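1. from the sequence below, what's the structure:
(chains A and B)
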Amino acid sequence: MAKVTIDGIEIEVPDGTTILQAARMIGGDIVPPAMCYYSKLKTSGGYCRTCLVKVSKGSEKDPRPMPKPVASCRTTVMDGMEVLNITSPEVLEARAGVVEMLLLNHPLDCPVCDQAGECHLQDLAYEHGKAETRYEFPRREFEKIDIGEKIQLHMTRCIMCFRCVKVAEQITDGRVHGVINRGDAAEISTYIEQAIDNDFSGNVIDVCPVGALTDKTFRFKSRVWYTKPVDAHRDCPTCTGKVRLWYKGDDVARVTARKDTYGEAEEWICNSCRFDHKKTSDWVIEGPTKVDRHSVISSNHYENLRMLKASIDRQRESLPHGDKVNLGTGALDPNNEEK
Amino acid sequence: MGKKILLANDHIEGIRFLDTYRKNGGYTALEKALKSMTPEQIVEEVKTSGLRGRGGAGFPTGMKWSFLAKPEGVPRYVVCNADESEPGTFKDRYLMERIPHLLIEGMILSSFALGAKTSYIYIRGEYFYVARIVEQAIEEAYAAGLLGKNILNSGFDLDLYVQIGAGAYICGEETALLESLEGKRGNPRIKPPFPAIAGLYGCPTVVNNVETIAAVVPIVNEGGAAYAAVGIGNSKGTKLISASGHINKPGVYEIELGVPVEEFIYSDEYCGGIRNGKKLKAVVAGGSSVPILPTELILNTAAGEPRLMSYESLADGGFATGTMLGSGGFIVMDEDTSIVKNLYTFARFYHHESCGQCSPCREGTGWMEKILHKILHGHGTLADVDLLWDIQSKIEGKTICPLGEAAAWPVAAAIRHFRKEFEDFIRNGEHVNDVKHYYRLNNLTAPIN
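-> Predicted coordinates:
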């Protein structure tokens, strides 16, 4: 066991635990954000650098601080280690820098992106980013690629987290998915756009933190915040069959894996469950999903807009001829988009 | 004339070949080591010599060797990093094409000292003909019984292989080199674990530069203490310096560590002064990634003492007023050089060579290049200089491998010491024509954007 202090909170964790895992055991605000680390995928993490923390004391034996910020997802704790995350301005500054870099080549197409509303990059940018970009050059662009019939890859949105590559390596058999090219020209690719023919390939959609890999059976069907998540299961010969159904009205709009607090799939699901079983009668409904954190589906960030609209409405009523003045508050109505 | 250790026999005709090399004292260190020394004694000698890694970082070699894990039943590897790709550095190429047997003898000694049965020399793809030379030398050594089974009847076996890279700067980073050697994409690994614990194929591995490994030969031959007697302070022995730029005599020089920088630039023994009688403007002292220094700071430290060619003296003053010895790529710039153009060239290089694994380097290097490109085309603003400064600070120290730093340091140093030149460049329109000329000269096509 090792005792580690993160932002002044002490916790005892088993040896070999990473700083990020220890922080997740504590929970709350001090958990560093992670865009590439995925606890269910071996060797994931270390690439995005959003989880950088400062180690102000290496260990009980060697109390020297680490000279550079370290990736908390890949650094294991030592007994007596002291870690600064949100209490260190240096870390917050570094993180803001990383967020800016991640957004540099990311298109601002959230209004037409299927991931919007459950996008980790959106959350990250909302929490740590700046309102404006200082980047004034064209962003990199790629053609969309179909990976098989059901999955679409849109590299333009990719932030190179390598999670899907790890899925392809570790969950599906036969490596058919990797990275080509170098530097900011690097892209996720299959072998000459070959279809990934595998029962579990659909999981690349679930692990993608942004809208680079999307479910073609759900593309442009609905904004996620108009769908209602419901936990369900079925007797599946390939996987455990424990899934989350997203209802739009009475129809199952899409099927995904169940995700935990940190947006990670609890259990991998097979392509048959994901793409082919979209009738309520296919499933045993367990009940509505409790929605929190990485989601605008429940009450959330858009709450501010409602308050703003209410305030403008009040002012309009106080005007002498208020009912004749159009202040255009319709655009602020979060439910207005699909009316 | 300074003492020469590695290049002492460089002038001899045919030293490339085994028989001439042996006639001039070659492989005597190997005979001595195999007959009369234990591996531990060699490691001790290297420790005593105070030899430091010649690839750029300057980490004590003996200490690196002593970190090597030695679990039972697991093979260990010695890998020679001959992926010399730092712009401005060409010393390893010179050594390998002139005296390849020095490297091979060093590899056998190092492998013996560290208990490796298989060793590799990883040569960069652009050095194809150098790889041929080394391969020929290895064949000669095999034929003479210096490699293979039972070397010189000592019972020590070693197989030595040359592996050619595909031409990526990043593969000079030791873990990326190991990945590449394993046949994978040359991406740096996340450390820890360090190669000394889990390196090539997950086994304990030592990765050393060509010059470091070659230096093991004289250390074994004459003893660590004799090697340590050369040099100054903690910078022991000699160092190969690749001198290039606006000097009268560019080339590879072996210097005794501690030669004053001024002497190195102006004496006829070394660089022979600035070309065409111009004045010195700036020096990049250790390969393109180390901070550039203006004349007053490269010749003398901030405290006014003469700066010497040694690890400590060049680093004196930290990055505020100092630099690094690095890999010894000594690039001299005369008064006509534009630091802005020079920095653009460096930034373009690092953008091109970033591997794309971690976000600050992947995105930041491209961003810096684009801003410099914009400045170079006369569209820059004064705010761009501050932006460049900010971007480099967001890259430095935030990345997996040192490429991030290598890309950030030159930008930081150029702005730190030559901010006025950047501002002048941005304010003065006439430079624009000059840039077009520069593009024509270099056969570069249209701007990026």
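2. please list the residues of chain A that sit near chain B.
-> Along chain A, the residues adjacent to chain B under the rule C-beta under 8 Å from any C-beta of the partner chain are A:45-50, A:52, A:67-69, A:71, A:74, A:94, A:97-98, A:100-102, A:104-105, A:134-135, A:137-138, A:159-160, A:162, A:178-179, A:181-186. Where you see a C-beta, it was placed from the backbone N, CA and C, and this is true even at glycine.
3. now, of those, which are buried?
-> A:45-50, A:52, A:69, A:71, A:74, A:94, A:97-98, A:100-102, A:104-105, A:135, A:137, A:159-160, A:162, A:178-179, A:182-184, A:186 (16 or more other C-beta atoms under 10 Å in any protein chain shown).
4. of those residues, which belong to strands?
-> Among those, the ones falling in strands (DSSP state E) are A:52, A:71, A:178-179.
5. any chance of those residues in TSV, with pLDDT too?
-> What follows is those, written out as TSV (pLDDT from 0 to 100):
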residue	pLDDT
A:52	95
A:71	94
A:178	77
A:179	82
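6. and the strands in the chain?
-> Just going to use chain A. With DSSP E as the criterion, chain A has strands at A:2-6, A:9-13, A:52-57, A:70-71, A:81-84, A:145-147, A:151-153, A:177-180, A:187-190, A:213-215, A:228-233, A:242-248, A:251-257, A:284-288.
7. ah, I was thinking of chain B
-> B:77-82, B:118-123, B:159-164, B:205-209, B:231-232, B:235-236, B:238-245, B:251-256, B:259-260, B:280-284, B:292-294, B:308-309, B:329-334.
8. contacting residues around the third one?
-> Where contact means C-beta atoms under 8 Å, 6 or more residues apart in numbering or on different chains, the residues beyond strand B:159-164 that reach it are B:104, B:107-108, B:111, B:117-125, B:127-128, B:131, B:134-135, B:138, B:141, B:147-148, B:181.
9. residue A:240 contacts residue A:267, doesn't it?
-> Yes - using C-beta atoms under 8 Å, residue A:240 is in contact with residue A:267, at 5.1 Å.
10. between those two, which is the more surrounded one?
-> residue A:240 (17 against 13; other C-beta atoms under 10 Å in any protein chain shown).
11. how about the stretch 101-250 of chain B: which residue is closest to chain A?
-> The nearest approach of the stretch 101-250 of chain B to chain A comes at residue B:190, 4.1 Å away (C-beta to the nearest C-beta).
12. so what's residue B:344 up against?
-> With contacts defined as C-beta under 8 Å, 6+ apart, residue B:344 is in contact with B:369, B:372-373, B:375-376.
13. the closest residue to residue B:45 other than its chain neighbours: how many residues sit nearby?
-> With sequence-adjacent residues excluded and distances taken as C-beta to C-beta, 6 or more residues apart in numbering or on different chains, residue B:45 is closest to residue B:224, at 4.0 Å. Close neighbours of residue B:224, defined as other C-beta under 10 Å, add up to 23.
14. gap between residue B:224 and residue B:31?
-> For residue B:224, the distance to residue B:31 (C-beta to C-beta, to the nearest Å) stands at 18 Å.
15. dump stretch B:318-337 to PDB, restricted to CA.
-> Output of stretch B:318-337 as PDB, limited to C-alpha atoms (Å, rounded to 0.1, in the frame of the first residue of the first chain):
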ATOM      1  CA  GLY B 318      21.100  28.500 -17.400                       C
ATOM      2  CA  PHE B 319      19.000  29.200 -20.400                       C
ATOM      3  CA  ALA B 320      18.800  32.900 -19.600                       C
ATOM      4  CA  THR B 321      22.400  33.500 -20.700                       C
ATOM      5  CA  GLY B 322      23.800  30.100 -21.400                       C
ATOM      6  CA  THR B 323      23.200  27.100 -23.700                       C
ATOM      7  CA  MET B 324      24.300  23.400 -23.900                       C
ATOM      8  CA  LEU B 325      27.100  21.500 -25.400                       C
ATOM      9  CA  GLY B 326      24.500  19.100 -26.800                       C
ATOM     10  CA  SER B 327      25.700  16.800 -29.600                       C
ATOM     11  CA  GLY B 328      28.500  19.200 -30.600                       C
ATOM     12  CA  GLY B 329      26.800  20.600 -33.700                       C
ATOM     13  CA  PHE B 330      28.500  24.000 -33.700                       C
ATOM     14  CA  ILE B 331      26.700  26.300 -36.100                       C
ATOM     15  CA  VAL B 332      28.300  29.700 -36.600                       C
ATOM     16  CA  MET B 333      26.400  32.600 -38.100                       C
ATOM     17  CA  ASP B 334      28.000  35.800 -39.400                       C
ATOM     18  CA  GLU B 335      26.600  39.300 -39.200                       C
ATOM     19  CA  ASP B 336      24.500  38.900 -42.400                       C
ATOM     20  CA  THR B 337      22.500  36.000 -41.100                       C
END
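16. what is the rounded mean pLDDT of that stretch?
-> The average pLDDT within stretch B:318-337 is 92.
17. quick one: buried residues of it?
-> By 16+ other C-beta under 10 Å, the buried positions in stretch B:318-337 come out as B:321-334, B:337.
18. you'd agree residue A:42 is up against residue A:170?
-> Yes - using C-beta under 8 Å, residue A:42 is in contact with residue A:170, at 6.1 Å.
19. all good on my end, thank you.
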